[in-house]
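[1] compute the structure for the input listed below.
(one chain, ligands or ions: 1)
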Amino acid sequence: MTQILSGKDVAASLKEKNKVQSARLRAQGCLPSLAIVRVGERPDDVYYENSIIKNCAAVDIDCRTYVLPSDVEQKKLNDTLSCLAGDEGVSGIFFFSPLPSGLDETAARALIPPQKDVDSLSRASAAGLYAGDPGGFAPCTPAAVMEILQYYGVRLAGARVTVVGRSLVVGKPLALLLLAANATVTIAHSRTEALPELCREAHILVAAMGKPRFINASFVRTGQTVIDVGINADPQDAHKICGDVDFAAVSPLVDKITPVPGGVGSVTVAVLMSHVLTAAAKLGGLR
Ligand code: NAP
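    Numbering: from 1, shown residues only. Next up is the predicted model:
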């Protein structure tokens, strides 16, 4: 019988921990706060922003949003980020990516100090992750995958993991987190040869490609854990989303699998909340 790894259960558990941590910090005079910077009115960004605001309210994190027009000058964006970076009342800074064309995103990211970089946007945070620096934050989506694996007790030490996707936000940082947990990691991408075989060899298969239902029955075998990071518009129904895994075809064949929706995406915002709380504790000199 296949075990469905519900992200909602993981998120609910994290939320309870976050509430306790938030109350503890407030009792010690430390007020956790998140600053969200949004440039423009992209519907996806606004949707995600509302979800973040709701989640902040649920765990008593102060949340302020700064909305800049899509034709904002780089200097204004940089000034906003620099001001938040220096503001002692701000524990974490989050901005939506990609920025509208014409803005230098790398330069903007560099203005977020690693201790406030709760979604690991900057090169300094990426370098910290690469070097195994415990002081920084991992990007929220790869961290959410790790939370799910830990919550359901999936063995990582010694396990062979294939990660399909090598983006800076998901594939690469996830591979580093898995490696740090003593897994043996293979990273696959669009030029990888014999991808189905490589996927079948793994104990754990992670799909982070952005290709709706690409991973079908030929990519899996019995006994595997499959983590689907993909969030795609469903080609069969424009009102729905689907993952990178063909859930109907794959789920009967494997041991454990995350659904979409209700999988990795459900955990990402809860991880962001826990990062803000950790940032607040560190900035306040608390543990
Ligand atoms: P991305 O930047 O487009 O990267 C996609 C990666 O998949 C690339 O490395 C690409 O290889 C690889 N790939 C594409 N087609 C492939 C193929 N046919 N065979 C093997 N590899 C292939 O996407 P992303 O930002 O990492 O996002 C990946 C998915 O995760 C998307 O569906 C996105 O919506 C979703 N996502 C979910 C969350 C969440 O919270 N659950 C958060 C972020 C993203 P190359 O490098 O060779 O091009």
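[2] helices along the stretch 1-150 of the chain, start to end?
    7-27, 43-58, 74-86, 105-110, 123-131, 140-151 (DSSP state H, counting those that start in this stretch).
[3] okay, those, which one's buried deepest?
    Most buried of the helices of the stretch 1-150 of the chain by mean neighbour count (mean count of other Cβ atoms under 10 Å) is helix 140-151; its value is a mean of 23. No exception for glycine: its C-beta is placed from N, CA and C like everyone else's.
[4] CA atoms only for it, dumped as PDB, please.
    Output of helix 140-151 as PDB, limited to C-alpha atoms (Å, rounded to 0.1, in the frame of the first residue of the first chain):
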ATOM      1  CA  CYS A 140      12.500  27.400   1.700                       C
ATOM      2  CA  THR A 141      11.500  24.900  -1.000                       C
ATOM      3  CA  PRO A 142      14.500  22.600  -0.600                       C
ATOM      4  CA  ALA A 143      14.200  23.000   3.200                       C
ATOM      5  CA  ALA A 144      10.600  22.000   2.900                       C
ATOM      6  CA  VAL A 145      11.600  18.800   1.000                       C
ATOM      7  CA  MET A 146      14.000  18.000   3.900                       C
ATOM      8  CA  GLU A 147      11.300  18.600   6.500                       C
ATOM      9  CA  ILE A 148       9.000  16.100   4.700                       C
ATOM     10  CA  LEU A 149      11.600  13.500   4.500                       C
ATOM     11  CA  GLN A 150      12.500  13.900   8.200                       C
ATOM     12  CA  TYR A 151       8.800  14.000   9.300                       C
END
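[5] immediately after that helix, which helix or strand?
    Tracing the chain past helix 140-151, the next element assigned as helix or strand by DSSP states H and E is strand 160-164.
[6] could you export the helices of the stretch 1-150 of the chain as TSV, including mean pLDDT and distance to residue 64?
    Formatted as TSV, these follow (pLDDT from 0 to 100; distance: least, Cβ to Cβ, whole Å):
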stretch	mean pLDDT	distance to residue 64
helix 7-27	98	16
helix 43-58	95	10
helix 74-86	98	9
helix 105-110	95	18
helix 123-131	93	21
helix 140-151	98	19
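[7] which of those sits closest to the ligand?
    The ligand lies closest to helix 140-151 among the helices of the stretch 1-150 of the chain, at 3.8 Å (Cβ to the nearest ligand atom).
[8] can you give me the offset of that closest one from its chain's centre?
    Centre-to-centre, helix 140-151 and its host chain are 8 Å apart (Cα atoms, centre = their mean, to the nearest Å).
[9] list the buried ones in stretch 201-218?
    Using 16 or more other Cβ atoms under 10 Å as the test for burial, stretch 201-218 gives 202, 203, 204, 205, 206, 207, 208, 209, 212, 213, 214, 215.
[10] just flag the most distant two among those.
    Using Cβ to Cβ, the buried residues of stretch 201-218 reach their maximum pairwise distance at 203 and 212, which is 24.9 Å.
[11] so what's the residue nearest to residue 223 when sequence neighbours are not counted up against?
    Spatial nearest neighbour of residue 223, excluding adjacent residues (Cβ to Cβ, 6 or more residues apart in numbering): residue 255 at 5.2 Å. Contact analysis of residue 255 by Cβ atoms under 8 Å, 6 or more residues apart in numbering lists 2, 3, 222, 223, 224, 225.
[12] cool, and residue 267?
    Residues in contact with residue 267 (Cβ under 8 Å, 6+ apart) are 7, 10, 11, 14, 144, 147, 148.
[13] number of residues surrounding the nearest residue in space to residue 252 that is not next to it in sequence?
    Nearest residue to residue 252, sequence neighbours excluded (Cβ to Cβ, 6+ apart): residue 2, at 6.4 Å. Using other Cβ atoms under 10 Å, residue 2 has 14 neighbouring residues.
[14] give the full set of residues in contact with residue 2.
    Applying Cβ under 8 Å, 6+ apart to residue 2 gives the contacts 251, 252, 254, 255, 256, 257.
[15] of those - the most surrounded one?
    residue 257 (25 neighbours).
[16] ok, the closest residue to that one other than its chain neighbours to residue 155 distance?
    Using Cβ to Cβ, 6+ apart and skipping residues adjacent in sequence, the residue nearest residue 257 is residue 226, 4.4 Å away. Distance of residue 226 to residue 155, computed by Cβ to Cβ, to the nearest Å: 15 Å.
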